[in-house]
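> Structure of the sequence below:
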Amino acid sequence: MNINKIAPDFSATGQIRPDQMKAVVDAGYKSIVCARPDQEEAGQPAFAEVAKAAEAAGLKIVHIPVSGPLGEGQIIRFHDAWKDLPKPMLGYCRSGARAGSLYATLSK
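Purely as a prediction, here's the structure:
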């Protein structure tokens with residue numbers, strides 16, 4: 001994982017795998033937001049696989065898939081997740097950019 005700390009309570013990274021949950025917990029994260037749609041590319045773990053491993057590790061996780069520009073529904077779901085989930089939060093997608101874009105909507 002190449003984690004980019006965007007704010008004290010939010011960081012973004014590229015795709016995470018189920019076997020990386022211990023590292024996520026050890027890094028201090030309490031929740032995860034996945035901004036990557038399933039089946040975006042071959043070999044990518046499904047959200048359900050990542051979620052199962054995250055929950056087993058004691059992490060809260062939510063799936064807000066983003067494909068193309070952010071929509072109002074995605075922004076609302078992220079704001080709700082931000083309000084409800086424990087911090088710090090780790091967002092991920094293919095590169096971390098879409099996860100970071102979701103976080104950026106908090107300042108608008």
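
> Tell me the gap between the helix or strand hosting Leu90 and the middle of its chain.
Per DSSP states H and E: Leu90 is located in strand 89-92. Between the centre of strand 89-92 and the centre of its chain there are 4 Å (C-alpha atoms, centre = their mean, to the nearest Å).

> what's downstream of that strand, the next helix or strand?
Taking DSSP H and E, what comes next after strand 89-92 is helix 97-104.

> and for that following helix, what are the contacting residues?
The contact list for helix 97-104 (C-beta atoms under 8 Å, 6 or more residues apart in numbering) reads 4, 6-7, 10, 12-13, 33-36, 64, 66, 70, 74-75, 78, 82, 91-93. Backbone N, C-alpha and C define where each C-beta goes, glycine included.

> ranges for the strands of the protein?
Residue ranges of the strands in the chain, as given by DSSP state E, are 4-7, 10-13, 31-34, 60-63, 89-92.

> filter the contacts of helix 97-104 to the buried ones?
4, 10, 12-13, 33-36, 64, 66, 70, 74-75, 78, 82, 91-93 (16 or more other C-beta atoms under 10 Å).

> Kindly state the pLDDT recorded for Lys108?
Predicted confidence (pLDDT) for Lys108: 67.
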